[in-house]
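# Have a look at this fold, sequence not included:
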């Protein structure tokens, strides 16, 4: 075997202004350099308890069951669905983008009976549409995405929890793309389970999924713990609880580990916990409202800058996410070539798109540590330059001027 | 809501001499402080390819499919089993400790037909026993643990792959506790899928699970990719392939992301990848054989030191893991009190035990960054002191002297 060790890690200093992951806050990365603790060390369990407390504040909830799933944001989504939704249970999914489709894809594998409320990409579901769908289908669980980066549109969620409780529906919301940047008001929304990630507005690296669970959802999940070994599948869904089909994502077991019981499950991902804890500290020290306002200001600056250089935004302003903006690639421009020049000449990454929007829009993010005035101005200025070099005639600096004015407005 | 931010992360400098996690190599933690890259950035995909190459060397294999699962070591185990084993498939599990039981627990949830070869804790399965079990049960898949920290015994695996191929059985081995510290000879063993972790002999933090997959196993896994949505469960096992019941752990999709296709799956856990890459670099720069020899020396020193202070080791010497040692708690001694004094007076963690060994043995690890002469001597010396204070009369320093002599022998 050839012995090749490669060099030490030394990534280029990219400014990540796409849909995520984005640059992590340096404090988060430094916190992750702290050394290991044993998983039952009293200092470690104290850090776990503090992390629960910090994420209650981030999720704006009093939920006791607020902790971390060890994996990327998608691990949090799968853990939530696999623990909530039993084979044969009816799941209503609000689908208005790529991550709505992901919920379906995961739920299919669980063996759920899936019904959907399909919304055109770029639009939102109204409360009336959601109530109609609930009344029509009478699901056991409703699942939706808060901010879907594929469309850059955020689904309003006020009132959704009350609707679900009215019809005795458990609810799940994915906030991977919004947690720490837009308001995630778990208790005011009244939803049962909310999961997120670190690598977007939280300003951390991907690899840990904060989650919060209401008491009634936790009760449902714990009731699945005692199902006997070997019993599973749609055919057992006769009113009794079916066993959670995953060990790693069995949130009943994970909650037992995060509780005073400290029952052994998998070893907690120590370093990611340190990072998640520090990310929450950075977020809360700034203050949630101040942070949401900073994201909104950065978003206004991005939108104004893009419009000033003659580009058209995707989706309406009313429900636009304040951390990522979709913008149409001008006719005749090679979107991937522009992204390549942005990266190679300016060390700035902007995003491409998926599905029906692939090749049609770019996605420009300004989130977490990167929702900063100078980073927005540098990005708009670089894009302006690249587009001018591609033959698009704008008054040089017009985008940057407009972005600066909007940021300061 | 009360605003509480807690202090910055500042764990005590514990010397972790238990069964893991242990202290990470400082180079690994420093590498993890490097900033983010986009998941399709050419620099990021280059790091992914380098990581594949490095882990081929660590796993001693030419397997193309050698990569990371984003989660702790248990995520690697579940990803391997859920991707290999279909509902209704017959799985033979060699169970000689707690982690063998974990394999059963995961497989039950998959809906596998489980047959077992049960071995008393502290012993190993012989090749004859394994062949008999294969001939009796004719399983589709065999699964076993290489080093089970619950018993501190390592299962010999030479010849197991050839047996499995003779009877057309796919094979899986968990090497969480041995990878990077004892020989994990994937290709010489001839086994199909091997997974590990970082937090034991690899000298990294928990949170990433390296895995390697033979071409024939990958073919089996890829064949499950095209199964139509909605088809799953034991009732579909009619010779066609059943869909993998997890999205996050669908190794066909994960392999598509790690291949030249770069099909989008979940965002790679960037920071953990940096850490896994650096851990492998540290291991390979030392050299696998030198590293195994260092672990063996440290293990001899631990054993000699414990025996010199009159303690009895658990299990025979022949199959003892060279990175963790089980030792009987002397009659009349409160094992947890001793562990507490080790931690509080000396900042040294040693391990308790599970299942039938709970309260009967301690487990003393010397692995990865901690398989060092001075750390073994400090641990033996501290244990000697604590035991003397608990009324056990030894010639002070006899354990340390014996450990030092054995290390240098």
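Now that the structure is in, tell me what you want to look at. Note that the structure is a prediction, hence the values are computed from the model and not measured. Numbering: from 1, shown residues only, chains lettered A, B, ... in the order given.

# alpha carbons only for contacts and neighbour counts from here, please
Fine.

# now the helix or strand hosting residue A:165, how far from the centre of its chain.
Under DSSP states H and E, the secondary-structure element containing residue A:165 is helix A:160-166. Centroid separation between helix A:160-166 and its chain, computed with C-alpha atoms, centre = their mean, to the nearest Å, is 22 Å.

# And for stretch A:109-125?
Stretch A:109-125 sits 17 Å away from the centroid of its parent chain (C-alpha atoms, centre = their mean).

# ok, is it in contact with chain B or not?
Yes: if you take C-alpha under 8 Å from any C-alpha of the partner chain as the test, stretch A:109-125 does meet chain B, through A:109-111.

# for the residues you listed, which one is nearest chain B?
The shortest separation between chain B and any of those is 4.7 Å, and it belongs to residue A:109 (by C-alpha to the nearest C-alpha).

# per-residue confidence at that closest one?
Reading off the confidence values, residue A:109 has pLDDT 95.

# If you tally nearby residues, what's the number for residue A:71?
Taking other C-alpha atoms under 10 Å in any protein chain shown as the criterion, the count of residues near residue A:71 is 29.

# re the thing from before, so what touches the helix holding residue A:165?
Under the contact criterion C-alpha atoms under 8 Å, 6 or more residues apart in numbering or on different chains, helix A:160-166 has outside partners A:127, A:130-131, A:142, A:170-171, A:189-192.

# again, only this time at 7 Å
Residues from elsewhere that reach helix A:160-166, judged by C-alpha atoms under 7 Å, 6 or more residues apart in numbering or on different chains: A:127, A:131, A:170-171, A:189-191.

# I'd like the average pLDDT over it.
Mean pLDDT, helix A:160-166: 98.

# Give the next helix or strand downstream of it.
Using DSSP H and E, the helix or strand that follows helix A:160-166 in sequence is strand A:170-174.

# For that next one, which strands pair with it and how are they oriented?
Paired strands of strand A:170-174, with direction, are strand A:141-145 (parallel), strand A:193-195 (parallel) (DSSP bridges).

# any idea of the mean pLDDT in the longest one?
Looking back up the chat, that one is strand A:141-145. In this model, strand A:141-145 has an average pLDDT of 98.

# Now the element after that strand, going C-ward?
Tracing the chain past strand A:141-145, the next element assigned as helix or strand by DSSP H and E is strand A:147-148.

# wait, does that following strand make contact with chain B?
No: Strand A:147-148 does not reach chain B (C-alpha under 7 Å from any C-alpha of the partner chain); its nearest approach is 14.4 Å.

# That strand pairs with which strands, and in what direction?
Applying DSSP bridges to the sheet, strand A:147-148 is found paired with strand A:153-154 (antiparallel).

# from the middle of its chain, how far away would the strand it pairs with be?
Computed by C-alpha atoms, centre = their mean, the chain-centroid distance of strand A:153-154 equals 12 Å.

# List of residues touching that strand?
Counting by C-alpha under 7 Å, 6+ apart, the neighbours of strand A:153-154 from elsewhere in the structure are A:122, A:146-148, A:319-321.

# got it, and stretch A:248-262?
Contact with stretch A:248-262 is made by A:79, A:83, A:221-222, A:225, A:244, A:263-265, B:74-75, as judged by C-alpha under 7 Å, 6+ apart.

# what about 8 Å?
Surrounding stretch A:248-262, the residues in contact under the criterion C-alpha under 8 Å, 6+ apart are A:40, A:48-49, A:65, A:67, A:69, A:75, A:78-80, A:82-83, A:218, A:221-222, A:224-225, A:244, A:263-266, B:74-75, B:78.

# From those, list the buried ones, please.
The neighbour-count criterion (16 or more other C-alpha atoms under 10 Å in any protein chain shown) marks A:48-49, A:65, A:67, A:69, A:75, A:78-80, A:82-83, A:218, A:221-222, A:224-225, A:244, A:265-266, B:74-75, B:78 among the contacts of stretch A:248-262 as buried.

# quick one: which of those residues sit in helices?
A:48-49, A:75, A:78-80, A:82-83, A:218, A:221-222, B:74-75, B:78 (DSSP state H).

# and the two most separated of those?
Taking C-alpha to C-alpha as the measure, these span a maximum distance of 26.9 Å, between A:49 and B:78.

# contacting residues for residue A:328?
Contacts of residue A:328 were listed using C-alpha under 8 Å, 6+ apart, and they are A:311-314, A:360-362.

# Tell me the buried residues within these.
Among the contacts of residue A:328, those scoring as buried are A:312-314, A:360-362 (criterion: 16+ other C-alpha under 10 Å).

# And those residues, which is closest to chain B?
residue A:362 (14.7 Å).

# What score does the closest one have for pLDDT?
In this model, residue A:362 is scored at 98, pLDDT.

# hmm, back to that, can the buried ones among the contacts of residue A:328 go into JSON lines with extra columns for distance to residue B:158 and secondary structure?
Below are these laid out as JSON lines (distance: C-alpha to C-alpha, whole Å; DSSP: H, G, I helix; E, B strand; the rest coil):
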{"residue": "A:312", "distance to residue B:158": "64", "secondary structure": "coil"}
{"residue": "A:313", "distance to residue B:158": "62", "secondary structure": "strand"}
{"residue": "A:314", "distance to residue B:158": "60", "secondary structure": "coil"}
{"residue": "A:360", "distance to residue B:158": "55", "secondary structure": "coil"}
{"residue": "A:361", "distance to residue B:158": "55", "secondary structure": "strand"}
{"residue": "A:362", "distance to residue B:158": "54", "secondary structure": "strand"}
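
# which two in the contacts of helix A:160-166 are spaced the farthest apart?
The largest distance within those, taken as C-alpha to C-alpha, falls between A:127 and A:170 and amounts to 16.1 Å.

# the more surrounded of these two?
The residue with the greater number of neighbours, taking residue A:127 and residue A:170 and applying other C-alpha under 10 Å, is residue A:170; the counts read 23 against 15.

# Please consider this matter closed, and thank you.
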